[in-house]
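Colleague: Quick check, what structure comes out for this input:
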Amino acid sequence: MPTPTTLELLWGTGQRPKRGPKPALSLERIVAEAVALADAEGLANLSMQRLAERLGFTKMSLYRYVPGKAELVALMLDTALGAPPELSAGEEASENDWRDLLRVWCETIYARFSAHPWSMEVSVGLRPVGPNEVAWMESALGALAGTGLTAAERLDTIVLLTGHARSLAQQVRLADADEFEKQIAAQFAEMVAAAADRYPAAVAAFAEGGAAAGGDGALKFGIERILDGLAVLIARRG
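Modeller: Numbers count the residues shown, from 1 in each chain. This next block holds a predicted model:
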């Protein structure tokens, strides 16, 4: 039986198992355990041998389901991203519904990146893309339908929102998101206390009460500014 490709594994188009008793191991179980291992210890500590030990099987048993670590990581990413949020403008659709939909979209993908930090490492560059990742794209494109933006502009919007979510998730990955901005402000104040006369604007900005409003302040601010820019472009097209 030929070894399935990454795309065949992602999209379920490879050869199906033969009929018979349900096997003790499955591709879904392998992927789920790999995600749990990467979440707990990082992608660098994931190996086929380590994964097999956690599952209670031999390493060779895993290769019956997935050819190697590269293919496994592709499956892990699609599983970790999961399905996109249900976006619906409802019956009373307004001209600004796209804003609400994209806001939820971006906040949700930020949450997925934060829950699975390793996913940010493997979701860039040229690579096979799975059905969940395509569903995220479909969801955002659907939210922008009827806005007058070109296809290229709608795709670039996805890049902008994803990049913003990824950037913030990377910054807070080693800290509690709710405390991140407060920690940054406190650390900065300590560093420049002896040189406040050289950096008065920076010191004043961090000293201001709103500068440490919470870990998701920068996320929400960035989302709204991206959406503001889109609103200007959409209005111009209208």
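Colleague: Can you give me the pLDDT of Glu190?
Modeller: Looking at Glu190, its pLDDT is 73.
Colleague: Okay, it and Phe206: tell me how far apart.
Modeller: Going from Glu190 to Phe206 by C-beta to C-beta, to the nearest Å gives 11 Å. Any C-beta I mention is one placed from the backbone N, CA and C, and that applies to glycine too.
Colleague: For the two, indicate the residue with more neighbours.
Modeller: Neighbours were tallied for Glu190 and for Phe206 using other C-beta atoms under 10 Å; the higher tally belongs to Phe206 (18 against 9).
Colleague: which secondary structure element contains the more buried one?
Modeller: Element membership for Phe206 (DSSP states H and E) is helix 200-207.
Colleague: And Leu75, by the same measure?
Modeller: Going by DSSP H and E, Leu75 is part of helix 69-81.
Colleague: C-alpha coordinates for the helix or strand following that helix, CSV please?
Modeller: Following helix 69-81 in sequence order, the next helix or strand is helix 97-115 (DSSP H and E). Output in CSV follows, covering the C-alpha atoms of helix 97-115 (Å, rounded to 0.1, in the frame of the first residue of the first chain):
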residue,chain,number,x,y,z
ASP,A,97,-21.8,43.6,10.4
TRP,A,98,-18.5,42.7,8.8
ARG,A,99,-16.7,44.5,11.6
ASP,A,100,-18.4,42.4,14.3
LEU,A,101,-17.7,39.2,12.4
LEU,A,102,-14.0,39.9,11.8
ARG,A,103,-13.6,41.0,15.4
VAL,A,104,-14.8,37.6,16.6
TRP,A,105,-12.7,35.9,14.0
CYS,A,106,-9.5,37.6,15.0
GLU,A,107,-10.1,37.2,18.8
THR,A,108,-10.8,33.5,18.3
ILE,A,109,-7.7,32.8,16.2
TYR,A,110,-5.6,34.7,18.8
ALA,A,111,-7.1,32.4,21.4
ARG,A,112,-6.2,29.3,19.4
PHE,A,113,-2.6,30.5,18.9
SER,A,114,-2.3,31.2,22.6
ALA,A,115,-3.6,27.8,23.5
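Colleague: and the helix holding Phe206, what does it pack onto?
Modeller: helix 177-192 (3 or more C-beta pairs under 8 Å, 6 or more residues apart in numbering; DSSP states H and E).
Colleague: In this model Gly148 seems to touch Ile234, though I could be wrong.
Modeller: Yes. Applying C-beta atoms under 8 Å as the test, Ile234 and Gly148 come out as touching, 5.8 Å apart.
Colleague: For the two, indicate the residue with more neighbours.
Modeller: Ranked by neighbour count (other C-beta under 10 Å), Ile234 and Gly148 place Ile234 first, with 20 against 12.
Colleague: residues touching the residue most central in space within the chain, list them.
Modeller: With distances taken as C-alpha atoms, centre = their mean, the residue of the chain nearest its centroid is Phe113 (3.6 Å). Shown in contact with Phe113 (C-beta atoms under 8 Å, 6 or more residues apart in numbering): 119-120, 165-166, 169-170.
Colleague: Tell me how many other residues surround the nearest residue to Asp78 once chain neighbours are set aside.
Modeller: Spatial nearest neighbour of Asp78, excluding adjacent residues (C-beta to C-beta, 6 or more residues apart in numbering): Gly130 at 3.2 Å. Neighbours of Gly130 under the rule other C-beta under 10 Å: 21.
Colleague: Would you confirm that Gly130 contacts Leu10?
Modeller: Yes. Under the criterion of C-beta under 8 Å, Gly130 makes contact with Leu10 at 3.8 Å.
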